[in-house]
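Trainee: Predicted model and sequence below, questions to follow.
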Amino acid sequence: MGCWGMGMTQTDEFCEIYEKFMEEYDDGKAVSEITAEILANYHNEFDDDDGVMHDVYFALAKAEWMCCEQSEPILARVREIIGSKANITFYRELEATESDLRLRQKNLEKFWNMLQTPREKPRKRKRTAPLAKKTFPTLEIGDCFAYKYEDGFRVICVLERFRPRADREETVSVALFSNVYSSEKLKNTDFLQENTGKIFTVTASEFLGKSVIRKIAHVKIPSNCRQFFEILYESKPVFRMKIENPLDLTLSELFRHYEQNTNEAMQKLEVGGCYAYRYKNGYQFAVVLDHTKSDNGQYWMIAVLSAFSDTPDIDFLHTDFSTLAVYGKEEIPNLSGWEKVSSVAVPSNMQKRFLGKSKYIINGILDFLKNHVKIYRELYLLHQLAPLLAYCQETTDEAFAKLETYGLYSYPTADGFRLALILDQFLSSCGTECALIALLRKFPFSAGDYMNYIISHVGIYSADMLPNTEAWALVNKMIPADYVPGNLQAFRAKYGAVATGCIQRFFQKKGSETMLTLNQFLRTDYAQA
């Protein structure tokens, strides 16, 4: 999230949401429909208690206020975020100073007061004349175009042409060469052997005008490479920007990188194998963490490390990884240059622990040219293989048996510790010992009244669905004086069905999501709820 100040509108997320809302509003959409769509899109990517969601709710609240159609759920969530000081906590995590936090709190209070004073008239919908759509010049896959740049010419090559979605503009993938060419050199250059500076995608409206480019050559793009060029290597066009950190791969090298793998090459990949592969003038590295077969084919979970070395020798366990995802044979660049140089011990149940039984096969592109992946944030923030593998180790029966009812435990993540309270232990209907656990939303920055910390979610877990409990540390025993055991029994009866097969994952909210404090949760009568 981009943030450039303590004001309510001084974040990328707020501005983007508010602008999108008003565009939809001006197009005639109902306010409730716009709000629902925006929330649904963000909830596909973020948990509701993620700090990024604060600005989503703030922007929606401001937009609804402007339209004189305030909704109670949005107001209630904004009131909760401000009242609990969750947003202040989030900004503190972003390393805001104490003076900045005081200013932010003052702005939050002003914002809330504004929302309590309804506008007299709704904002008028603005009708704008539709703009004529810009189209690409005449071009084919493999065409090379030159355009004026400084004292010479830059050259781009069209790698692929596609439409991301039916409602989006047509897009092309473009390779921008590193060199700046003279007029004479444009006529005598084999662009297959020229170094690539950047690869990016660009829409017709962002493409260079027809009057400023001219076609100078054509190269053949291998058909089995084209699917890989739908990747967003850059988020915006760099036609006239200085090229920093060029790829320095020739087009021919790039094409070889994406040659199709053979079955024989894929079978050589071993779980736990650490591989070095040629990249530019040195090596980059990958570690195979799991392998599975399905009706759709074979898939490998691979960690691509962020290291670059002149030699194929690094500390694989303690080197940061940049990409961690699951890939099929067609998605992994050519393996012919891969060399196994080491191995690590991978937990036998890595597949189940990391992605869950039903979510193992996911779509992904193994992008060796740019670090681009989305995985569970807390696992990703572990950064290195050593803590990740330890995290995924199977919990022993002895370690699980040590968890005590009413025990409050801390366990490590990359950005600190999280807290989990064991509320109940019982034998499930499938004969497996389970624990009812409340996970506190944030680990406190200092010791305090844990009973009044917000719960992010409550779930029922078996030993093999928890992060390695060998690393859990008992903080204290918590038995509230006026605690009513019947409430938890009613909770288990109401929500326990989601864990009948003991498949609920620790960080995926499938069950009761709550914004209650621990104190409120324990005192809720779930038989009546």
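Mentor: Structure's in. What do you need? It should be emphasised that the depicted structure is a prediction, and the values quoted were computed from it without experimental measurement.
Trainee: Give me the buried positions along the longest helix seen in the chain.
Mentor: If you go by DSSP state H, the chain has its longest helix at helix 98-115. Of all the residues in helix 98-115, those buried under the rule 16 or more other CB atoms under 10 Å are Asp100, Leu101, Arg104, Gln105, Asn107, Leu108, Phe111, Trp112, Leu115. In short, each C-beta sits where N, CA and C put it, glycine included.
Trainee: In JSON lines: those residues, plus pLDDT and distance to Leu335.
Mentor: JSON lines is the format used below for the buried residues of helix 98-115 (pLDDT from 0 to 100; distance: CB to CB, whole Å):
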{"residue": "Asp100", "pLDDT": "87", "distance to Leu335": "50"}
{"residue": "Leu101", "pLDDT": "91", "distance to Leu335": "51"}
{"residue": "Arg104", "pLDDT": "92", "distance to Leu335": "50"}
{"residue": "Gln105", "pLDDT": "93", "distance to Leu335": "54"}
{"residue": "Asn107", "pLDDT": "92", "distance to Leu335": "54"}
{"residue": "Leu108", "pLDDT": "94", "distance to Leu335": "53"}
{"residue": "Phe111", "pLDDT": "93", "distance to Leu335": "54"}
{"residue": "Trp112", "pLDDT": "94", "distance to Leu335": "57"}
{"residue": "Leu115", "pLDDT": "92", "distance to Leu335": "57"}
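Trainee: who's in contact with the helix or strand just after the longest helix of the chain?
Mentor: Moving toward the C-terminus from helix 98-115, the first helix or strand encountered (DSSP states H and E) is strand 143-149. Strand 143-149 is contacted from outside by 139, 153-158, 180-181, 186, 191, 208, 212-219, 239-240, using CB atoms under 8 Å, 6 or more residues apart in numbering.
Trainee: try 7 Å this time
Mentor: Contact with strand 143-149 is made by 153-158, 180, 186, 191, 208, 212-219, 240, as judged by CB atoms under 7 Å, 6 or more residues apart in numbering.
Trainee: from the residues you listed, which ones fall inside strands?
Mentor: Phe153, Arg154, Val155, Ile156, Cys157, Val158, Ile213, Arg214, Lys215, Ile216, Ala217, His218 (DSSP state E).
Trainee: which one among these gets closest to Ile82?
Mentor: Using CB to CB, Ile156 comes nearest to Ile82 of the ones in strands among the contacts of strand 143-149, at 48.7 Å.
Trainee: Pretty sure that closest one sits against Ser178.
Mentor: No. Contact criterion CB atoms under 7 Å: Ile156 and Ser178 do not qualify, at 11.8 Å.
Trainee: Give me the more crowded residue out of these two.
Mentor: Ile156 (25 against 17; other CB atoms under 10 Å).
Trainee: bridging residues for that one?
Mentor: Phe145, Leu176 (DSSP bridges).
Trainee: So Val202 belongs to a helix, correct?
Mentor: No. Under DSSP: H, G, I helix; E, B strand; the rest coil, Val202 falls outside any helix and is assigned strand.
Trainee: oh, and call the first residue 23 from now on, that's how I've got it
Mentor: Done: numbering now begins at 23, and the last item shifts to Val224.
Trainee: so who does it touch?
Mentor: Thr193, Val194, Val196, Pro259.
Trainee: name the element Leu496 belongs to?
Mentor: Per DSSP H and E: strand 495-499 holds Leu496.
Trainee: That strand - contacts with which helices or strands?
Mentor: Packing partners of strand 495-499 (3 or more CB pairs under 7 Å, 6 or more residues apart in numbering; DSSP states H and E): strand 429-435.
Trainee: pLDDT on the strand it packs on, on average?
Mentor: For strand 429-435, mean pLDDT rounds to 80.
Trainee: Buried subset of the contacts of Val224 as a ChimeraX selection?
Mentor: Buried subset of these, written as a ChimeraX selection, criterion 16+ other CB under 10 Å:
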select :193,194,196,259
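Trainee: and of the contacts of Val224, the nearest to Lys302?
Mentor: Of the contacts of Val224, the one sitting nearest to Lys302 (CB to CB) turns out to be Val196, at 20.6 Å.
Trainee: Go ahead and confirm that closest one touches Ile178.
Mentor: Yes. Look at Val196 against Ile178 with CB under 7 Å: they come within range, at 4.9 Å.
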